[in-house]
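Student: how does the following fold in three dimensions:
(chains A, B, C, D, E and F)
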6 protein chains.
Amino acid sequence: MSKKVVTLGEIMMRLSTPDFKRFVQSDTFDVTYGGGEANVAAALCNYGLNGTFVSKVPDTAIGQAAINHLRRYGVDTKFVARGGNRLGIYFLETGASMRASQVVYDRADASISDVDAAEFDWDAIFEGADWFHTTGITPALSDKAAALTLAALKAAKERGITTSIDLNYRKKLWSKEKARKTMTELCQYVDVCIGNEEDADTSLGFTSKGTDVTKGELNLDGFKDVCKQMKEKFNFKYIASTLRESHSASDNGWSALVYDGTSFHHTKQYEVRIVDRVGSGDSFASGFIYGLVTGKSMADAAEFGVAASALKHTIPGDLNHATLSDVEGLVGGDGSGRVQR
Amino acid sequence: MSKKVVTLGEIMMRLSTPDFKRFVQSDTFDVTYGGGEANVAAALCNYGLNGTFVSKVPDTAIGQAAINHLRRYGVDTKFVARGGNRLGIYFLETGASMRASQVVYDRADASISDVDAAEFDWDAIFEGADWFHTTGITPALSDKAAALTLAALKAAKERGITTSIDLNYRKKLWSKEKARKTMTELCQYVDVCIGNEEDADTSLGFTSKGTDVTKGELNLDGFKDVCKQMKEKFNFKYIASTLRESHSASDNGWSALVYDGTSFHHTKQYEVRIVDRVGSGDSFASGFIYGLVTGKSMADAAEFGVAASALKHTIPGDLNHATLSDVEGLVGGDGSGRVQR
Amino acid sequence: MSKKVVTLGEIMMRLSTPDFKRFVQSDTFDVTYGGGEANVAAALCNYGLNGTFVSKVPDTAIGQAAINHLRRYGVDTKFVARGGNRLGIYFLETGASMRASQVVYDRADASISDVDAAEFDWDAIFEGADWFHTTGITPALSDKAAALTLAALKAAKERGITTSIDLNYRKKLWSKEKARKTMTELCQYVDVCIGNEEDADTSLGFTSKGTDVTKGELNLDGFKDVCKQMKEKFNFKYIASTLRESHSASDNGWSALVYDGTSFHHTKQYEVRIVDRVGSGDSFASGFIYGLVTGKSMADAAEFGVAASALKHTIPGDLNHATLSDVEGLVGGDGSGRVQR
Amino acid sequence: MSKKVVTLGEIMMRLSTPDFKRFVQSDTFDVTYGGGEANVAAALCNYGLNGTFVSKVPDTAIGQAAINHLRRYGVDTKFVARGGNRLGIYFLETGASMRASQVVYDRADASISDVDAAEFDWDAIFEGADWFHTTGITPALSDKAAALTLAALKAAKERGITTSIDLNYRKKLWSKEKARKTMTELCQYVDVCIGNEEDADTSLGFTSKGTDVTKGELNLDGFKDVCKQMKEKFNFKYIASTLRESHSASDNGWSALVYDGTSFHHTKQYEVRIVDRVGSGDSFASGFIYGLVTGKSMADAAEFGVAASALKHTIPGDLNHATLSDVEGLVGGDGSGRVQR
Amino acid sequence: MSKKVVTLGEIMMRLSTPDFKRFVQSDTFDVTYGGGEANVAAALCNYGLNGTFVSKVPDTAIGQAAINHLRRYGVDTKFVARGGNRLGIYFLETGASMRASQVVYDRADASISDVDAAEFDWDAIFEGADWFHTTGITPALSDKAAALTLAALKAAKERGITTSIDLNYRKKLWSKEKARKTMTELCQYVDVCIGNEEDADTSLGFTSKGTDVTKGELNLDGFKDVCKQMKEKFNFKYIASTLRESHSASDNGWSALVYDGTSFHHTKQYEVRIVDRVGSGDSFASGFIYGLVTGKSMADAAEFGVAASALKHTIPGDLNHATLSDVEGLVGGDGSGRVQR
Amino acid sequence: MSKKVVTLGEIMMRLSTPDFKRFVQSDTFDVTYGGGEANVAAALCNYGLNGTFVSKVPDTAIGQAAINHLRRYGVDTKFVARGGNRLGIYFLETGASMRASQVVYDRADASISDVDAAEFDWDAIFEGADWFHTTGITPALSDKAAALTLAALKAAKERGITTSIDLNYRKKLWSKEKARKTMTELCQYVDVCIGNEEDADTSLGFTSKGTDVTKGELNLDGFKDVCKQMKEKFNFKYIASTLRESHSASDNGWSALVYDGTSFHHTKQYEVRIVDRVGSGDSFASGFIYGLVTGKSMADAAEFGVAASALKHTIPGDLNHATLSDVEGLVGGDGSGRVQR
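Tutor: You can find the predicted model right below:
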């Protein structure tokens, strides 16, 4: 029977301009739905697992449309609560070359930020579950959402379920101070921590030297030092980070570094021509989780994760629609891009 | 020199599904921008007047896109303030036959609802102005917006400018009780009141008998009685109402009734095949204002207004893009729809 | 707990030209997926029931896309088998006025026509089920599909589940002779029979006088006589038929006649302005089943069904996306099409 | 062997706004190509005849695109000359209800207006031809184009080929005085004259009483009188006119009146729901020509023509994509619009 | 007079997802039509030759649409037979970066696979023809199609017409064993053989060492050895192969190797940024044929062919819409991509 | 108060094919409006200046649409005259890789070419103006347009306004001889001259050695010599040129060289992945003008200009929608393309 992974977080409507148009030019938007944890649930369904998503959306046709989007890709949405004021929205303008993609968030007062842990039946949610995943975005949404995240992590741990978190610091949602306080508490219940060097600093207060994220240079040594500090403090089973070399909005280098407290593994680096890089971190997380929950070694899980997310860069939308065989093919070395007939 | 009409209100992003799709089916949205008072300003520009719109939008590319939409159609937007949290949004699903169009509002916490009258330079705004127009939607948005509306009406009256209001009761924004209290105060500064029988009740507490808006039957006598009550209480110079016979979402009868305290004029009734009926009330208001501000008689102004709004029903979007010659042609009797080469 | 309705049949890819274009003009197709029984399952999910669809699709991304379409709208697709050669396709050109819509089928050799009843676990499929529905299209696809239909009907009856069939004769799939032989056998296991007068003749050999389907005139007396014959022979619990008055490809009259062996009920007749009439029969069937399975009277179930299918005519695609409240609103009498804000 | 019909005229690029948008709203145009005589040639190909189009287009990719459009629908374009300055353009905004469709012409200096009859090999063009058709638009384009038209008509008559002209007066191209002078000369070489009462006046100077084209009322008696005058002066073999009752831009009544010098035949009148009425006159002309050139009686040819053009009203673009069987089906009486499966 | 090239094969409908969408994401398809031999005929028309295509399509509007697509680009389709069951379809998902394009074929039972050589009038088809071309796809479709291919090759050779074949092995259509048997027989009637090293093995059984097509490395020496074996066995006048270095789905190196039994010519290699690489082999074949049939040397013909196909990679659809002057410009060395005004 | 820059020239309709389609393939056009001087005015509005555009458009909805496009982006269009025959059009096919973009002009007889300087109120136009800009395209349109350009330059100089011209030689509009004569006269009234080496030759007759524009190599020494000659003859305050290294239609190197009579500054060179390179020269001009008119040094102004135009290459349409902060960010060194959240 397939593994069950539960994720908790926000599902937003994404409104993006087509054809590299800027916001002020566009008279249509492409509409999809996504969010860090929803993206993870959907990707895991693609790989044949049971991805269950826990959230709250408004009881309107707009909320229903978000649920339908996830159902389309196989996500179990029966634990999504209905109510609250609105669905969070984000506007996306896809960049090219030296013009960066731009995101305008309109997520305040979303239903998920006005939520009570008692709205959810944790026994039912975690029945048969093998893994629980969330991100640092959810607790940043509101105090209620933070309390919900804590409750879910505790409920998972109580049931012996492996837990993971993607730090994902969002500076528009909370201060570093508040983030560090909250995330430090949450991380006590976390087995697998995903987050890059910047997140480690902003969310948990770990620092190293020499990384300037606007330069696109990788400083692996500095980050390895941070990983060791994180391991020491939280005793995470695994720590993982994607590593992006942002040559431009069109071309990136992309790899991952993972650590099990003993050794580091730096994956193959892919040079990706970007179609849509939103959700690439989530696609790594889902691939890495897939690998671990199905019994791969840390290194193999990381290679699977980074190949999955390399493919994500070529697919429009937040969700990763790479299939298991797509990812396995790329892990196996066929990146030649020859037509598959 | 062309007449100047100032309007005050909210400008929202409108996200509509194409091709009669329901919300849950649609993977794209058509994007326009509108709102009762913005629609009036834009229509007046089409007729050659100076339409000046006063509002507040967020200081983002999304706010800029709303402004650009109005500028495109000639509206003077230099008095639109920047700031606040977000642009209000409404989602529109266009109906057909017995399936009604549906609107889902997502307008809470819009920039215009967090506004202070002191953010605006009324001397500059009303310099050379001939008319001021707003609607009952603006004061319903928030107490601050209600205070702004009052300040604007007073400022206009102090400068001897004719004022008009479209009652436009929105039950999702406020209760009848609150509406009546606020609108009764505002109407002291109003010269021309536009609003149907239902609005007269919900917004101002005037009642007559026998109108069931879900039936689509017109009860002119009842409404005439209401008009007389309104005249008596507020001494409006003109009272006007559009009269819709809603045969279905595809076909409507459409006319207007106007009253100057002495006599009533019921305009020609148009049978319209509907392309997009959003903004039809605003298109009547702008046509009626156009007529009055340029010196037409009440009856001629009303005929102009109702012809303008008949045409609006055939044009997608909130704004009425009928030109002066289009409206005059229809008033003149050519509704044959023969190709204009 | 919500009622469970199982349907069995084909799911096809539908490729339709946009904007009233003819096939030879169109350089794009709109893509949806549908089929009589899939349409019924999806509509029932809209009304809050558990709609479970049994079928077979190819094990390709195209087959997956069909499944995803149904999942999007809540259908339980876990019993859809994978394999066989291809997904059936139909091309649709939507007509207007005196130009009829045209359908070109390309459904030969679809996966569902190469199927064995043993591929399905009937115990699991029918666990907790309240109703089973199929149509006369499925047995027409191939001898294997006919055998599957028979097996499913028997399996349902063995488990005490109510069964229904929509006769739906398709002359391009089989001869009247073959249809009559097969359908007569199948109808032994059927409780509720849906089908118009023409179907009753072509599928089961019952005839009356005076109906010319190209004229759009209703001959209720003739059809009532047929219903009585059908009752006598098969002892159906209910017999139902939609009644279409086809004024043109743009406007139809639409009602239904139902019979319980004792009395007839002719529903309200709706005059519909058509957006997309494909699937209208299925939308009646699903509404009628909804009514009966949730305990409405035959007359109320029929009124629900015909209102649901009136709404379907206004919605693009094969599936009926009218919600429970949409249908109840129309049954309750509000067909005025006023904007729902 | 199929009949060959040669037509001579302009082929223009048509740029139309989608979805009932007005020009000022639209950021895309749908692109097709058409023109009175090209439309006739294309329709005849649909009915199985050889439609040969003679014209001149610029030697650019834009000119090529126009040719490709006609080739797509089977027109023989090998006699289209290349050269001159530009392809004529017209902009189309499709109206609805009381808003008329609007056409903005940008056709001055088109290649066809700078043309010399010597650029064409009339022997090759008319080899095997049975019919030659042109319209009053071509001679209106320029003196050179008028000379070309005259040369073509003479060349056709010299070879014993039946000739027809559609008067099609365009007031933006020439004055009534100039039109009358030129058309009177051309009509000496014409066997079949098509044109409504207004054209008969503006192009040839025949008048009757009581028709006001903006009213949409038919005055058959007046027009019959005009027909008799035309017969007397030019001895046309047949005179034909379409009769439009323009209820609105969405709904028209549509029939035709034909005359052979002895008796009149008024065809069945169709009530059409309009998708695109551009080219409807040409679709009648092509249907009428089809009937006559294939040996139908005048009345049958007219019924075929009016049915063909009724269908044209439901098809987007200038060209009539109704097939022979579509038209024959409608002539045979099936206008019920039932789905053709 | 322009040269006439006849091609024989299948024309398929191509349904492709827009904007790099995956199949499961897409609610629209772009529709074009193509196939190896149709693509060659169309490209030759672009260069001013007479391209005549022989095939069979169903007698439906879908079959007509395929024919219309080829007519649009100048192909003579009068020898395309009508009948059979269906038009073959292929679904295309365009890849990017390390995600390969994917093709799902749905071509079984296409009309061309149910064909008899007697349906075609070879005397008329080959009248005035200078060249006949087909591919290894056609005989793979069915035994009937293989017999047709043989009949056509024999008919061409009997009339002294130069013949060419593109080996194009399709593993989903037939086994290597069957391919080798059939192709070996067909190649007795072939003058010019096009096919890469892999095809030479799978279709004709010639092998060399060291080429791994998933690596994108070129092994010219191995292939030259294969060419010599092919020359020896079949005495082909020319052997040609394109050489692709597949860096990714977005960037390829592209050149060709040609051989006349005496010497080899390796063309310039182009580094192409890919828009659509489907049909690139056909675009080389058509360019090479163009060169040879118009009297260019083998080397010049190959340079023309590879330049033509480099341009094809930048053009959406199966057909190469590069013009003669486009190709000549690139052969002449201007690949700077400066705007042509 | 913000600086005011007046520009004079043509505004054209731009019709471009989507998705890399060639003209002959496309059934839709994307519609925008632009022209060298309009593009400059719009870009300056983006940077917060008052951009005022002087031109003439036809008094039709098409002319209005052009004006609306500029208004949308903030341009003051109140001095655009109405009248004349038509709006100029250009067709654009966007290239990729070695396939160059192609432009087909259809601009003859545009309203701006039939213009009289007396149609404009220069006092009002130049009231408060700081800068006047035009290009060598405007005088090339017609003798009247040349006279207008001269009149405008004189009027600006009389009022002490800084003037600039972009040489922009268009060989399809006039001969080198005529250009040199006219431009030499105009340049007497010019302070800032923008134009590459080729323009310096064709428009003004200055020559250097060794530049072959089809090679994409930069010959700075030769051009510097030309700059010195230009300085000597016209005593320009600044001379500026963009420098393009056209690797392909998809990738260009892009920088600028500026000269103040004393020293040269060669800006940073950007490697741009191209979305739409039309208007890139205008985007440099507007950025350079912005820098100078707001008091930046020549070098800083040039860096601003080249960064602005690097961004333009990534934005569809003629107008540069890069904002002030976008450009400043890139000048400041962040070209990493990381998502801006």
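
Student: mean confidence score for stretch A:81-89?
Tutor: On average, the pLDDT along stretch A:81-89 is 98.

Student: in it, which residues are buried?
Tutor: The neighbour-count check on stretch A:81-89 (16 or more other Cβ atoms under 10 Å in any protein chain shown) flags A:Ala81, A:Gly84, A:Arg86, A:Leu87, A:Gly88, A:Ile89 as buried. In this view, the C-beta of every residue, glycine as well, is placed from N, C-alpha and C.

Student: what's the span of it, first residue to last?
Tutor: 18 Å (Cα to Cα, to the nearest Å).

Student: tell me which parts of chain A are close to chain D?
Tutor: A:Asp27 (Cβ under 8 Å from any Cβ of the partner chain).

Student: neighbours around whatever residue of chain A ends up closest to chain F, how many?
Tutor: Using Cβ to the nearest Cβ, A:Ala249 is the residue of chain A that sits closest to chain F, at 3.0 Å. Applying other Cβ atoms under 10 Å in any protein chain shown, we find 25 residues neighbouring A:Ala249.

Student: dump the residue contacts of the closest residue to A:Ala151 other than its chain neighbours.
Tutor: Spatial nearest neighbour of A:Ala151, excluding adjacent residues (Cβ to Cβ, 6 or more residues apart in numbering or on different chains): A:Ala117 at 3.7 Å. A:Ala117 makes contacts with A:Ala147, A:Leu148, A:Ala151, A:Ala152, as judged by Cβ atoms under 8 Å, 6 or more residues apart in numbering or on different chains.

Student: same thing with A:Ala41?
Tutor: By Cβ under 8 Å, 6+ apart, the residues touching A:Ala41 are A:Val5, A:Thr7, A:Gly51, A:Thr52, A:Phe53, A:Leu70, A:Val75, A:Ser286.

Student: checking the fourth one next. Helix, strand or coil?
Tutor: Secondary structure state of A:Thr52, per DSSP: H, G, I helix; E, B strand; the rest coil, is strand.

Student: which residues does it bridge with?
Tutor: A:Val6, A:Asp76 (DSSP bridges).

Student: burial count for it?
Tutor: Residues near A:Thr52, counting by other Cβ under 10 Å: 25.

Student: the first one too?
Tutor: Under the neighbour criterion other Cβ under 10 Å, A:Val5 is assigned a count of 28.

Student: show me the shaky parts of the stretch 1-150 of chain A.
Tutor: A:1 (pLDDT under 70).

Student: who in it is up against chain E?
Tutor: A:Pro18, A:Tyr73.

Student: distance of the spatially most central residue of chain A from chain E?
Tutor: Nearest to the mean C-alpha position of chain A, counting by Cα atoms, centre = their mean, stands A:Asp282 at 2.9 Å. The gap separating A:Asp282 from chain E is 17 Å, by Cβ to the nearest Cβ, to the nearest Å.

Student: and that residue, how far is that from chain D?
Tutor: Taking Cβ to the nearest Cβ, one finds A:Asp282 at 33 Å from chain D.

Student: tell me which residue of chain A lies closest to chain D.
Tutor: For chain A, Cβ to the nearest Cβ, closest residue to chain D: A:Asp27, 5.4 Å.

Student: pull the distance from whatever helix or strand A:Ala152 lives in to the chain's centre.
Tutor: Assigned by DSSP states H and E, A:Ala152 belongs to helix A:143-158. Offset of helix A:143-158 from its chain centre (Cα atoms, centre = their mean, to the nearest Å): 18 Å.

Student: got it, and stretch A:77-88?
Tutor: Centroid separation for stretch A:77-88 versus its chain: 19 Å, with Cα atoms, centre = their mean.

Student: span of it from start to end?
Tutor: Stretch A:77-88: ends 17 Å apart by Cα to Cα.

Student: could you dump the buried residues of stretch A:81-89 to CSV with distance to C:Asn168 and secondary structure?
Tutor: Shown next, in CSV, are those (distance: Cβ to Cβ, whole Å; DSSP: H, G, I helix; E, B strand; the rest coil):
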residue, distance to C:Asn168, secondary structure
A:Ala81, 40, strand
A:Gly84, 43, coil
A:Arg86, 43, coil
A:Leu87, 39, coil
A:Gly88, 44, coil
A:Ile89, 43, strand
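
Student: for the residue in the stretch 51-200 of chain A that chain B sits nearest to, give me its contacts.
Tutor: For the stretch 51-200 of chain A and chain B, the shortest gap (Cβ to the nearest Cβ) falls at A:Ala61, measuring 4.0 Å. Taking Cβ under 8 Å, 6+ apart as the criterion, A:Ala61 is in contact with B:Arg22, B:Phe23, B:Val24, B:Phe91, B:Glu93, B:Gln102, B:Val104, C:Thr323.

Student: skipping adjacent residues, who's closest to the third one in space?
Tutor: Closest residue in space to B:Val24, ignoring its immediate chain neighbours: A:Ala65 at 4.9 Å, by Cβ to Cβ, 6+ apart.

Student: repeat for the first one
Tutor: Of all residues not flanking B:Arg22 in the chain, C:His321 sits nearest, at 4.6 Å (Cβ to Cβ, 6+ apart).

Student: tell me the pLDDT of the one you found.
Tutor: 98.

Student: and A:Arg244, that's in a strand?
Tutor: Yes. A:Arg244: assigned to a strand according to three-state DSSP.

Student: tally of neighbours for it?
Tutor: Using other Cβ under 10 Å, A:Arg244 is surrounded by 21 other residues.

Student: do the same with A:His265
Tutor: 17.

Student: how close does the residue nearest to A:Ala151 get to A:Ala155?
Tutor: Distance, A:Ala117 to A:Ala155, by Cβ to Cβ, to the nearest Å: 8 Å.

Student: quickly find the element holding A:Lys78.
Tutor: Residue-wise, A:Lys78 maps onto no helix or strand under DSSP H and E.

Student: typo on my end, it should be A:Ala299
Tutor: Here A:Ala299 is assigned to helix A:298-312, by DSSP H and E.

Student: residues in contact with the very next helix or strand once past that helix?
Tutor: Where DSSP H and E defines the elements, the next helix or strand beyond helix A:298-312 is helix A:324-331. Contact with helix A:324-331 is made by A:Asn46, A:Tyr47, A:Gly48, A:Gly287, A:Glu303, A:Phe304, A:Ala307, A:Ala308, A:Ala310, A:Leu311, E:Met98, E:Arg99, as judged by Cβ under 8 Å, 6+ apart.

Student: of the residues you listed, closest to chain B?
Tutor: A:Asn46 (18.9 Å).

Student: burial count for that closest one?
Tutor: 23.

Student: closest residue of the stretch 101-250 of chain A to chain C?
Tutor: Nearest residue of the stretch 101-250 of chain A to chain C (Cβ to the nearest Cβ) works out as A:Ala124 at 14.0 Å.

Student: I'd guessed that residue sits against A:Val54; true?
Tutor: No. The criterion here is Cβ atoms under 8 Å, and A:Ala124 misses it with A:Val54 at 10.5 Å.

Student: with neighbour numbers in mind, choose between these two.
Tutor: Set A:Ala124 next to A:Val54 and count neighbours by other Cβ under 10 Å: A:Val54 wins out with 28 against 10.
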